[in-house]
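Undergrad: I would like the atomic coordinates for the input below:
(one chain, ligands or ions: 1)
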Amino acid sequence: MRLGGRLAAAIEVLEDIGRRHRPVADALRDWGLSHRFAGGGDRAAIGNIVYDALRRKRSAGWLFGEDTPRAIGFGALLLEWGQTAQSLNDALDGDKFAPPLLSTGELKAATERRLDEAPEAVRADVPDWCAPLLEQAYGDAWVEEGVALARRPPLDLRVNTLQADRAKVLAELQGTGAAPAAIAPHGIRIPPIDGDGRHPNVQAEPAFQKGWFEVQDEGSQLAAALAGAEPGMQVLDYCAGAGGKTLALSAEMGNTGQLFAHDAEKVRLAPIFERIRRSHNRNVQVVSKPAELAPLTNHMDLVLIDAPCTGSGTWRRRPDAKWRLTERQLDARKGEQQAILDTAQAFVKPGGLLVYITCSVFDAENGEQVAAFRARHDGFAPVDHRQLWDSRFPGHQGAARIAGTGGISLSPALSGTDGFYLHALRRTA
Ligand SMILES: C[S@@+](CC[C@H](N)C(=O)[O-])C[C@H]1O[C@@H](n2cnc3c(N)ncnc32)[C@H](O)[C@@H]1O
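TA: Residues are numbered from 1 along each chain as shown. Predicted coordinates for the structure are as follows:
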């Protein structure tokens, strides 16, 4: 397929996503099933246009004065693929599979409209209602952070130190662009792809099958490392999901002590069994029934709450979620976070740690949530987060926002990671 056919397919997929409110991955998969002639390169290119269009939906739409699938599809190529309106028309001319060429009016709009004159929320590529929330979190840097949240993400891996070391995994991944991550000691980064490229399928690597590494954003790796799990500890991962942090904690603990992995949803927890097997974790017990957690009350050295949240820190990877999110959903997540904090705190032993994590960039789910928890519960005091960060990641003082006793926040523009928040509280009574 030439560029025109790929763009037409991307516009079709964007129409499907808009019409049927479907997740991007589902819409792309269905398109692939009904167009079996398309090769892997075509599918990757179409996927890239679709994801770019969703990441840059507002700024792409701004160029044409509307955010129709056609406008944002073309806009993605203008903003992210180094095309100009004229070079696009030249490339599409004579391609019978291409969408109609840009009209005189569209050419004029795309040539004359300037993104640097657009309102801030357009440049930041976020819904209007989210702009004040980003400003609250990032102050003057909020547009820059919005822009970074709309960029293509890297592919990050965490070396499973129970099975391998970084040099060994890097040697296996030679030729993929893999390099040591900037901050995470066991992290490996394959940079964001350009244009119609695609990341290597690392999960097909024998090294992955042998459990030498996991796919995990560097921010998630840093959050897990900051939680402070140590060999021999009793740890409860209360919202373990598919176990991304569980596996990292288990490795930090050197496969010793006990790590209980719980989640309210059995379906979310299901993949953890295969992952534990592949990664050779021997200190993890999966506890799906809340009643079976009762004996752990007051006994845990560390309780990790990787809370359900809006996921606004992961918009680079799930840009459709950015446009689907509503204030009502934010309120619902806040209610869940509050209830989980109130329940999970009871498992911390006196002197133990309660560590709260989200992959949200909104203070309402982060610092404000922890402040409200502390107002409801005596006996928990924040650790010194500056000291915590500096001791774990010396030499990276400026790579996170640290608000004294107010937690640690990671962001794409400052930290080069997904947006994450971590707040560690010690039980004092
Ligand atoms: C951010 S995800 C966890 C991701 C996971 N820790 C990881 O690193 O891959 C949040 C999880 O919280 C779970 N959850 C939601 N409400 C819960 C509750 N009341 N108790 C325990 N888990 C809950 C969800 O099912 C979801 O799997």
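
Undergrad: buried sites along stretch 329-343?
TA: Within stretch 329-343, the residues that count as buried by 16 or more other C-beta atoms under 10 Å are 330, 333-334, 336-337, 340-341. No exception for glycine: its C-beta is placed from N, CA and C like everyone else's.

Undergrad: I'd like these as JSON lines, with pLDDT appended.
TA: Below are these laid out as JSON lines (pLDDT from 0 to 100):
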{"residue": "Leu330", "pLDDT": "98"}
{"residue": "Arg333", "pLDDT": "98"}
{"residue": "Lys334", "pLDDT": "98"}
{"residue": "Glu336", "pLDDT": "98"}
{"residue": "Gln337", "pLDDT": "98"}
{"residue": "Ile340", "pLDDT": "98"}
{"residue": "Leu341", "pLDDT": "98"}
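
Undergrad: go back to those residues and keep what's next to the ligand.
TA: For the ligand, the contacts drawn from those by C-beta under 6 Å from any ligand atom are 336, 340.

Undergrad: narrow the buried residues of stretch 329-343 to those in strands?
TA: Assigned to strands by DSSP state E, none of these qualify.

Undergrad: can I get the buried residues of stretch 329-343 in JSON lines with distance to Asp52?
TA: Putting the buried residues of stretch 329-343 into JSON lines (distance: C-beta to C-beta, whole Å) gives the following:
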{"residue": "Leu330", "distance to Asp52": "26"}
{"residue": "Arg333", "distance to Asp52": "27"}
{"residue": "Lys334", "distance to Asp52": "31"}
{"residue": "Glu336", "distance to Asp52": "32"}
{"residue": "Gln337", "distance to Asp52": "32"}
{"residue": "Ile340", "distance to Asp52": "35"}
{"residue": "Leu341", "distance to Asp52": "37"}
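
Undergrad: list of residues touching stretch 68-76?
TA: Identification of contacts with stretch 68-76 by C-beta atoms under 8 Å, 6 or more residues apart in numbering yields 7, 10-12, 14-15, 18, 49-50, 52-54, 56-57, 59-65, 88, 99, 102, 106, 110.

Undergrad: try 7 Å
TA: With contact meaning C-beta atoms under 7 Å, 6 or more residues apart in numbering, stretch 68-76 is reached by 7, 10-11, 14-15, 18, 49, 52-53, 56-57, 60-61, 63-64, 88, 99, 102.

Undergrad: what do you get for stretch 385-393?
TA: With contacts defined as C-beta under 7 Å, 6+ apart, stretch 385-393 is touched by 183, 225-226, 397, 400, 402, 404-405, 407-408, 424.

Undergrad: apply 8 Å and report the result again.
TA: For stretch 385-393, the external contacting residues (C-beta under 8 Å, 6+ apart) are 183, 222, 225-226, 228, 396-397, 399-400, 402-408, 423-424.

Undergrad: which residues touch whichever residue of the stretch 301-429 of the chain sits closest to the ligand?
TA: Nearest residue of the stretch 301-429 of the chain to the ligand (C-beta to the nearest ligand atom) works out as Asp306 at 3.6 Å. Neighbour list for Asp306: 223, 237-241, 245, 357-358 [criterion: C-beta under 8 Å, 6+ apart].

Undergrad: which residues of the stretch 301-429 of the chain score low on pLDDT?
TA: Scanning the stretch 301-429 of the chain for pLDDT under 70 picks out 404-405.
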